[in-house]
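# attaching a predicted model along with its sequence, questions to come.
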Amino acid sequence: MSYSIHIIKTQYPWESNENPITLEEWTKLIETDSEMKIKNQFSSVNLQTLEKITIKLKNTAIWTFKYDGIAYEVAFTYNRGKISVSGANDYVKEKMKKIAVKLSCRVVGDEGEEY
C-alpha cells in the first residue's frame, strides 16, 4: 500500500470534510495551471511486469512535467475535500506546496506530518 500526501485546510487529512477544499476551488485551480488537465482515467505501465494498468478516477487531474528530459505524469485526486497523491517524491511535493499556497492550504502526510 502506498503512502499518500494530501493538500488540506484542516489539521489532519481525516478531518477534511470539516473545512473542505471545494470542487469549484479545485477545478478553477486546474483551469489556471497549464501543466494540469482533468482526466477521468490514468494509465501507466507496471515497470516489473510491463502490464498496462488503467485506473478510473473521478475529479482527478494529471500533472505533466519533464525531468532530465523524460516526461512524467502524476495523478492528483480530489476526494472528500482534499487533494491527494500516492507515493509522492520530493519533486511532486514541491508542486503540491505551490498548489497549497494558491488554495491557502497545508501539505501533510497520512499521519498529519507537515511538508
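Received it, and whenever you're ready, just let me know what you need. These numbers were taken from a predicted model, which means no experiment stands behind them.
# so the most centrally placed residue in the chain versus E51, what's the distance?
The chain has F76 as the residue nearest its centroid, 2.5 Å off, counting by C-alpha atoms, centre = their mean. For F76, the distance to E51 (C-beta to C-beta, to the nearest Å) stands at 24 Å. From N, CA and C alone the C-beta is placed, and that goes for glycine too.
# surely H6 is in a strand?
Yes - per DSSP: H, G, I helix; E, B strand; the rest coil, H6 lies within a strand segment.
# residue contacts, it?
H6 sits next to 13, 16, 82-85, 107-110 when contact means C-beta atoms under 8 Å, 6 or more residues apart in numbering.
# put the alpha carbons of the longest helix seen in the chain into PDB.
Secondary structure of the chain per DSSP state H: the longest helix is helix 90-103. This file holds the C-alpha atoms of helix 90-103, laid out as PDB (Å, rounded to 0.1, in the frame of the first residue of the first chain):
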ATOM      1  CA  ASP A  90      10.300  15.500  -3.400                       C
ATOM      2  CA  TYR A  91       9.700  17.000  -6.900                       C
ATOM      3  CA  VAL A  92       5.900  16.200  -6.600                       C
ATOM      4  CA  LYS A  93       5.800  17.500  -3.000                       C
ATOM      5  CA  GLU A  94       7.200  20.900  -4.300                       C
ATOM      6  CA  LYS A  95       4.300  21.100  -6.800                       C
ATOM      7  CA  MET A  96       1.900  20.200  -4.000                       C
ATOM      8  CA  LYS A  97       3.300  23.100  -1.900                       C
ATOM      9  CA  LYS A  98       2.700  25.500  -4.800                       C
ATOM     10  CA  ILE A  99      -0.900  24.300  -5.100                       C
ATOM     11  CA  ALA A 100      -1.400  24.600  -1.400                       C
ATOM     12  CA  VAL A 101      -0.300  28.200  -1.400                       C
ATOM     13  CA  LYS A 102      -2.800  29.100  -4.100                       C
ATOM     14  CA  LEU A 103      -5.600  27.400  -2.100                       C
END
